[in-house]
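Undergrad: 3D, please:
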Amino acid sequence: MEAVSETASASTQTCRVWMHPGRPLPDLDALARDIVAFRVGARLRGVEATLEGEVVAADTTLYLRRAGSGEHVRLVPLVHKVQWDVARGSEEASLSRERGAHERLRVAVGSHSQSRSLRVIGPLVQETPGAGKYFLEVRDFEWQP
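TA: Down below sits the predicted model:
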């Protein structure tokens, strides 16, 4: 990790972590164990990542080829948000725009013959503990110049 925010967001019960550019994605199970080991009363509910790279379509599946590392991360529709709604005591409700982000990306990729750079934001999930395979639930995305 490059840095961790000094304070957490009380409204979403999240904090920000910045990774060194080009480094492989972290082992999320190890990260969860490390947070518990700090004994500060926190646990890892999930990880929302902002990843940059080029979108690649293979059959009906979208992947993000990460800039710097070349890792391929499968892109899937949003299922669960990481942000927490303190008043309701549950995960923050997703907006219609967020639930439709993956489909908008799929349509946009299908209408362009060349790959384009973009930034994709959403919950990062490790498919198999320690295996280094991930998928990203697309909550939002933006094309890069």
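
Undergrad: What are the buried residues along stretch 118-132?
TA: 118, 120-126 (16 or more other Cβ atoms under 10 Å). All C-beta atoms are positioned from the backbone trio N, CA, C, and that covers glycine.

Undergrad: Can you flag which of those residues belong to strands?
TA: Among these, the members found in strands (DSSP state E) are 118, 120-126.

Undergrad: I'd like to know which of those is nearest to A101.
TA: Relative to A101, the closest of these is G122; by Cβ to Cβ it sits at 7.6 Å.

Undergrad: So what's the residue count around R16?
TA: 13 (other Cβ atoms under 10 Å).

Undergrad: separation between it and T7?
TA: Distance of R16 to T7, computed by Cβ to Cβ, to the nearest Å: 10 Å.

Undergrad: Quick check, central residue of this protein?
TA: A49 (3.2 Å; Cα atoms, centre = their mean).

Undergrad: Many thanks, we can stop here.
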